[in-house]
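Peer 1: Sequence first, predicted model second:
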Amino acid sequence: MSADSASSGLAQDPSRRRLLGGVASALAASALPGTAFAAISASRYSTSAVVTGTEAWVSAEGDGEDGYFASWIVDGERRAELHSASSGFRGHGLAQHPQRLDQAVMFARRPGTQALVLNLLDGSVEQVIECTTGHHMHGHGCFSPDGQHLLTTESDYRTGTGKLMVRNTVNWQLEAEYLTHGIGPHDVHVMPDGQSLVVANGGLLTHPDSGRKVLNLDTMDPSLVYLSLANGTLISQHRLPESKASIRHLALADDGTVAIATQLQRPAMHSHALVPLAAIHKPGQPLVTLQGPETLILKFNDYMGSAALHNGERIAAFSSPRGDLVAFWHLDTHQLVGYHAFFDVCGLTVSRDQQYFVLSNSRGDVRMIDVRSLKEDRAMRRSFAGRHWDNHMFTFTLPDQSV
């Protein structure tokens, strides 16, 4: 059984035994070499004009040997033109200005202290944002709906306090800071009401002097927090049953449903229990963990790297680079509905036409999964030689003007 043939209707098989067997067989089959990717050559710095008014898939990219970049694929469903801007640091998440569509910000982590303001039309760097003394970033941020403020997840590493730092978008100066009521805030989004924020408190204490080493495994306390956008007031706070499941990445539906991707700190656990790594939260309801066959959950290797969702189909996608796998759950029934095996996959977004989940990996490959059948469109495979897509990919719309 191939991964594609298994993906449509996994959750409908009434026999758990047959389902487990099908998952195991499909994962084994999809580990075999696939067809050759379509090769698309592109220089680091493209000088050809960008066709605007089209979508761009944007991601942090690069490695320690070749350097680090913010890179974006323009018109990926057809010409797949590639553009880059050098960052000087390893980026993580990105956010697009809601009013100035040519402007985006890439945030550092691991942990880093900078964010890059770039122009998506000409590839220029407009500003490098620096953390204040004693702070480091966690790789994510968002704009206020009016575009007047940028909020970044940061920590005061002297005290371990998690914060949202609020900067204006005129000169990028700090104007306020909000407590996230937790340690290690990671992802952040503005809720559909435009008046509140949702924050993923990872619960992990780190310090620039010790890199990514977690310093508080015994006392980590992850949580999902809602804050007022206007003043940072705490609205509510929610926790998963497993305290060692670090809440990392979020995706939002139009109705306020939040898809949650976690990363389990297995060394901190006192058992080998199987722990679900994905969850859903709906306003006014408890957190719900997403269940699946044991074979599949084990395959994730305690790590989910990104989340994305499709509003129309009500499908949430979660990627696991350690498991070489993307899995799909229904937002309302909480049923597993499909999966796709893909080496070191982490980047996840939805195409602007809402027809595909777009997947990326560290080899520079891009795949497209039909949102209805959850099968790959193999004709749409893309490969960018020498590129190393990082953890996240985002769908942005370029403005209607040319370089």
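Peer 2: Sure thing, it's come through.
Peer 1: Residue 209 - that's part of a helix, no?
Peer 2: Yes. Assessed by DSSP: H, G, I helix; E, B strand; the rest coil, residue 209 belongs to a helix.
Peer 1: Residue 136 versus that one, what's the distance?
Peer 2: Applying CB to CB, to the nearest Å, the value for residue 209 to residue 136 is 10 Å. Quick note: C-beta positions are derived from backbone N, CA and C, even for glycine.
Peer 1: Who has more neighbours out of the two?
Peer 2: Neighbour count, other CB atoms under 10 Å: between residue 209 and residue 136, residue 136 has more, with 19 against 7.
Peer 1: For residue 197, report the pLDDT, please.
Peer 2: Looking at residue 197, its pLDDT stands at 98.
Peer 1: how about the nearest residue to it, chain neighbours excluded?
Peer 2: Closest residue to residue 197 apart from its sequence neighbours, by CB to CB, 6 or more residues apart in numbering: residue 227 at 4.6 Å.
Peer 1: these two touch, right, that neighbour and residue 180?
Peer 2: Yes. Checked against CB atoms under 8 Å, the pair residue 227 and residue 180 is within contact range at 7.3 Å.
Peer 1: Compare the two (neighbour count), which wins?
Peer 2: Set residue 227 next to residue 180 and count neighbours by other CB under 10 Å: residue 180 wins out with 27 against 24.
Peer 1: Run through the residues that contact that one.
Peer 2: By CB atoms under 8 Å, 6 or more residues apart in numbering, residue 180 lies in contact with 153, 162-164, 199, 201, 225, 227.
Peer 1: who's in contact with the nearest residue to residue 222 once chain neighbours are set aside?
Peer 2: Excluding the flanking residues, the one nearest residue 222 by CB to CB, 6+ apart is residue 203, at 3.4 Å. Neighbouring residues of residue 203 by CB under 8 Å, 6+ apart: 182-184, 216, 220-223, 243, 246-247.
Peer 1: Please indicate which of the residues you listed are buried?
Peer 2: If you count burial by 16 or more other CB atoms under 10 Å, the buried members of the contacts of residue 203 come out as 182-184, 216, 220, 222-223, 243, 246-247.
Peer 1: For those, give me CSV that also has pLDDT.
Peer 2: Output for the buried ones among the contacts of residue 203, formatted as CSV (pLDDT from 0 to 100):
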residue, pLDDT
182, 97
183, 96
184, 95
216, 80
220, 93
222, 97
223, 98
243, 94
246, 97
247, 98
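Peer 1: Ramachandran angles for the residue most central in space within the chain?
Peer 2: Centroid-nearest residue in the chain, with CA atoms, centre = their mean: residue 306, separated by 3.7 Å. Residue 306 has phi and psi values of phi -160, psi 160 when expressed as degrees, to the nearest 10.
Peer 1: Please name the residues that touch it.
Peer 2: Residue 306 is in contact with 249, 261, 318-319, 346-348, 391-392, counting by CB under 8 Å, 6+ apart.
Peer 1: Report the contact partners of the residue nearest to residue 75 when sequence neighbours are not counted.
Peer 2: Using CB to CB, 6+ apart and skipping the chain neighbours, the partner closest in space to residue 75 is residue 54 (4.8 Å). Counting by CB under 8 Å, 6+ apart, residue 54 touches 74-75, 397-398.
Peer 1: go again using 10 Å as the cut-off
Peer 2: Going by CB atoms under 10 Å, 6 or more residues apart in numbering, residue 54 touches 74-79, 81, 352, 397-398, 400.
Peer 1: what about burial for those, which qualify?
Peer 2: Those of these that meet the buried threshold are 74-77, 81, 352, 398, by 16+ other CB under 10 Å.
Peer 1: neighbours around residue 217, how many?
Peer 2: Neighbour count of residue 217, defined by other CB under 10 Å: 15.
Peer 1: one step back: ok, the buried ones among the contacts of residue 54 vs residue 272, which is closest?
Peer 2: residue 76 (41.3 Å; CB to CB).
Peer 1: contacting residues for that closest one?
Peer 2: With CB under 10 Å, 6+ apart, residue 76 has these contacts: 40, 54-57, 82, 351-352, 356, 358, 366, 368, 380, 382, 395.
Peer 1: Any stretches of this protein with poor pLDDT?
Peer 2: Low-confidence segments of the chain (pLDDT under 70): 1-52, 401-403.
Peer 1: So which residues of it form helices?
Peer 2: 3-7, 16-30, 294-299 (DSSP state H).
Peer 1: can you map out the strands along the stretch 251-400 of the chain?
Peer 2: 258-264, 278-281, 288-289, 306-310, 315-320, 325-330, 336-341, 345-350, 356-361, 365-370, 382-383, 389-397 (DSSP state E, counting those that start in this stretch).
Peer 1: by contact count, what packs against the first one?
Peer 2: Packed against strand 258-264, as judged by 3 or more CB pairs under 10 Å, 6 or more residues apart in numbering; DSSP states H and E, are the following elements: strand 185-190, strand 196-201, strand 223-228, strand 245-252, strand 278-281, strand 288-289, strand 306-310, strand 315-320.
Peer 1: Would you mind putting these into CSV with distance to residue 295 alongside?
Peer 2: Shown next, in CSV, are the helices and strands packed on strand 258-264 (distance: least, CB to CB, whole Å):
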stretch, distance to residue 295
strand 185-190, 28
strand 196-201, 27
strand 223-228, 28
strand 245-252, 20
strand 278-281, 16
strand 288-289, 17
strand 306-310, 21
strand 315-320, 13
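Peer 1: before we move on, the earlier item: show me the one of the strands of the stretch 251-400 of the chain that comes nearest residue 172.
Peer 2: Closest approach to residue 172 among these is made by strand 389-397 (19.7 Å; CB to CB).
Peer 1: May I have the strands that pair with that closest one, each with its orientation?
Peer 2: Sheet pairing for strand 389-397, assigned by DSSP bridges, gives strand 55-63 (antiparallel).
Peer 1: Take the contacts of residue 180 and write them to JSON lines, including distance to residue 101.
Peer 2: Shown next, in JSON lines, are these (distance: CB to CB, whole Å):
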{"residue": "153", "distance to residue 101": "23"}
{"residue": "162", "distance to residue 101": "30"}
{"residue": "163", "distance to residue 101": "28"}
{"residue": "164", "distance to residue 101": "24"}
{"residue": "199", "distance to residue 101": "25"}
{"residue": "201", "distance to residue 101": "30"}
{"residue": "225", "distance to residue 101": "29"}
{"residue": "227", "distance to residue 101": "26"}
